[in-house]
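Asker: sharing a model that was predicted from the sequence below.
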Amino acid sequence: RKEVEQDPGPFNVPEGATVAFNCTYSNSASQSFFWYRQDCRKEPKLLMSVYSSGNEDGRFTAQLNRASQYISLLIRDSKLSDSATYLCVVNPRGGYNKLIFGAGTRLAVHP
Amino acid sequence: GAVVSQHPSWVICKSGTSVKIECRSLDFQATTMFWYRQFPKQSLMLMATSNEGSKATYEQGVEKDKFLINHASLTLSTLTVTSAHPEDSSFYICSAKGREVRGEQFFGPGTRLTVL
């Protein structure tokens, strides 16, 4: 079983749509969780950290369910510029030291 | 913000040759640097972690004699792929973090290696 699993997609949605991505992780002792965004042939960029209480950053909302070992990302009012691959990332020990990446979920937003 | 550069951005080489990739932190001191590899449609896989002035720690399954890592200064780490073969063709990405224990990793733009 992979340490971090994501639905590869692609998710094809129209502009303005709300889309949700899910991710599961296998190590119940994992401490830190993140969503990164990766554009084609580019490096990953931190989108947001994920906190136990859930957190929001503009149109993006992240949720963590430790009991189910499940992380989600919700994007509201999708923009064309949101088209990218979204990577679920887990750190078993906390902080940013050793990051375990999921393979990513691809999002394509169309006009 | 923190900037990390990589050089070269892409390289094509013949099988059997060695390739060196540089990773530099431009505006902060990187006490720890990480090297990742990403094959198409797969996740980034951590290859090794290096702390300035000490030997790199390699992940299981990564050959340390094939992937030589040097982190000689607080702003530079190098990855040398020795005797490269076509199966080493991949996207190599470095990241760097500063002294803060829980500090964020900042990623370089990556190097695309193609071995013919």
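Answerer: Cool, the structure landed. Numbering: from 1, shown residues only, chains lettered A, B, ... in the order given.
Asker: what helix or strand is residue B:93 on?
Answerer: strand B:90-97 (DSSP states H and E).
Asker: any part of that strand near chain A?
Answerer: Yes. Strand B:90-97 reaches chain A (Cβ under 8 Å from any Cβ of the partner chain) through B:91, B:93, B:97. Where you see a C-beta, it was placed from the backbone N, CA and C, and this is true even at glycine.
Asker: which residues of the chain fall in strands?
Answerer: You didn't pick a chain, so chain A it is. A:4-6, A:11-14, A:19-25, A:32-38, A:44-50, A:55-57, A:60-65, A:70-75, A:84-91, A:100-101, A:105-110 (DSSP state E).
Asker: switch to chain B, please.
Answerer: Under DSSP E, chain B gives strands at B:4-7, B:10-13, B:19-25, B:32-38, B:45-51, B:57-58, B:67-73, B:76-81, B:90-97, B:106-107, B:111-115.
Asker: using JSON lines, lay out these together with distance to residue A:69, mean neighbour count and mean pLDDT.
Answerer: As requested, the strands of chain B are arranged in JSON lines below (distance: least, Cβ to Cβ, whole Å; neighbours: other Cβ atoms under 10 Å in any protein chain shown; pLDDT from 0 to 100):
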{"stretch": "strand B:4-7", "distance to residue A:69": "31", "mean neighbour count": "18", "mean pLDDT": "96"}
{"stretch": "strand B:10-13", "distance to residue A:69": "38", "mean neighbour count": "14", "mean pLDDT": "96"}
{"stretch": "strand B:19-25", "distance to residue A:69": "33", "mean neighbour count": "21", "mean pLDDT": "96"}
{"stretch": "strand B:32-38", "distance to residue A:69": "23", "mean neighbour count": "24", "mean pLDDT": "95"}
{"stretch": "strand B:45-51", "distance to residue A:69": "20", "mean neighbour count": "20", "mean pLDDT": "93"}
{"stretch": "strand B:57-58", "distance to residue A:69": "26", "mean neighbour count": "16", "mean pLDDT": "93"}
{"stretch": "strand B:67-73", "distance to residue A:69": "32", "mean neighbour count": "18", "mean pLDDT": "91"}
{"stretch": "strand B:76-81", "distance to residue A:69": "33", "mean neighbour count": "22", "mean pLDDT": "96"}
{"stretch": "strand B:90-97", "distance to residue A:69": "25", "mean neighbour count": "25", "mean pLDDT": "95"}
{"stretch": "strand B:106-107", "distance to residue A:69": "26", "mean neighbour count": "24", "mean pLDDT": "93"}
{"stretch": "strand B:111-115", "distance to residue A:69": "34", "mean neighbour count": "18", "mean pLDDT": "97"}
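Asker: what's opposite the closest residue to residue A:82 other than its chain neighbours in the beta bridge?
Answerer: Excluding the flanking residues, the one nearest residue A:82 by Cβ to Cβ, 6 or more residues apart in numbering or on different chains is residue A:109, at 5.2 Å. Here residue A:109 sits in beta bridges with residue A:13, as judged by DSSP bridges.
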